[in-house]
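Asker: the sequence and its predicted three-dimensional model are supplied below.
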Amino acid sequence: MSGADGQPPPAALRHAPGEPDVVGRDEQSELEIDVDSMIELARAVLRAEGLPAGCELSLRFVDEEAMTVLNREHMGGDGATDVLAFPIDGVEAATGGVTAGGAPEMPVLLGDVVVCPAVARRNAEAGGASTLDELALLVVHGILHVLGMDHAEPREAAAMQARQRALLADLRATDA
C-alpha cells in the first residue's frame with residue numbers, strides 16, 4: 001500500500017495529548033526497523049529537551065541510494081552518510097508564542113531527521129556497537145541538530161556529544 005506520493009504510508013503517527021508529534025516512515029528494506037520504538041525514542045528526546053505538544057518531527061529511514069542523493073543535494077557530500085537533519089521552523093518557534101495550555105498557537109514543524117540504516121550498521125560493526133544502539137544514537141544526534149546543536153567546532157562537538165550521552169543514558173535508565 002502506498003500513499004498519494006507513491007511512498008508507503010507513514011509507519012506510525014502518534015499523537016498523545018501534551019506531547020510532541022513524531023511521524024515515522026521506513027523507506028528502505030535492507031534492515032528491519034522497529035519504527036514505533038524509534039518514534040518513542042524521538043518523542044522522549046523531544047520531551048527531555050522541553051518541547052511542548054504541537055511540535056512535529058519527521059523521522060525517515062532510507063536506503064543508501066536515497067541518502068546519497070540527499071547528501072549530494074543538501075550537503076554537497078559524496079556517497080551515503082548515516083544521518084542528516086533538516087530543521088524547519090526551529091526550536092524558537094516551538095518555545096515562543098505558546099498558548100495557556102503550553103502548546104504553540106500553530107503547529108511547529110521542527111524538521112526532518114533522515115537515517116540510513118545500512119550505513120548505521122557498518123558504523124556499528126566498525127565501532128563494536130550494536131546496530132540498534134547506533135540507530136538510537138543517530139536519531140538522538142539528528143534531533144539535536146534539528147534543535148540547533150552542531151559539532152563544527154571542538155567546543156560545540158563536546159557539548160553535543162555530552163548531551164547525546166546524557167539523553168541516551170537517561171532514556172535507557174527509564175526503560176529499565
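Answerer: That came through fine. Here the structure is a predicted model, which is why all the values come from computation and not from measurement.

Asker: wait, Leu57 sits on Val108?
Answerer: No: using Cβ atoms under 8 Å, Leu57 is not in contact with Val108, being 9.7 Å away. Yep, even glycine has a C-beta here, placed from its N, CA and C like the rest.

Asker: check what contacts the longest helix belonging to the chain and list those residues.
Answerer: With DSSP state H setting the assignment, residue counts place helix 154-175 as the longest helix in the chain. The contact list for helix 154-175 (Cβ atoms under 8 Å, 6 or more residues apart in numbering) reads 41, 44-45, 48, 136-137, 140-141, 144, 149-151.

Asker: same check on stretch 75-88?
Answerer: With Cβ under 8 Å, 6+ apart, stretch 75-88 has contacts from 64-65, 67-68, 70-72, 74, 109-116, 118-120, 123, 134, 138-139, 141-143, 145-148.

Asker: what's the answer for stretch 59-70, then?
Answerer: 22-30, 33, 35, 38-39, 42, 79-81, 84, 112-119, 139, 142.

Asker: now, those residues that are in strands?
Answerer: Residues from those lying in strands, with DSSP state E as the criterion: 22-26, 84, 112-115.

Asker: and those residues as JSON lines, adding pLDDT?
Answerer: Below are the ones in strands among the contacts of stretch 59-70 laid out as JSON lines (pLDDT from 0 to 100):
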{"residue": "Val22", "pLDDT": "96"}
{"residue": "Val23", "pLDDT": "96"}
{"residue": "Gly24", "pLDDT": "97"}
{"residue": "Arg25", "pLDDT": "97"}
{"residue": "Asp26", "pLDDT": "98"}
{"residue": "Leu84", "pLDDT": "98"}
{"residue": "Asp112", "pLDDT": "97"}
{"residue": "Val113", "pLDDT": "98"}
{"residue": "Val114", "pLDDT": "98"}
{"residue": "Val115", "pLDDT": "98"}
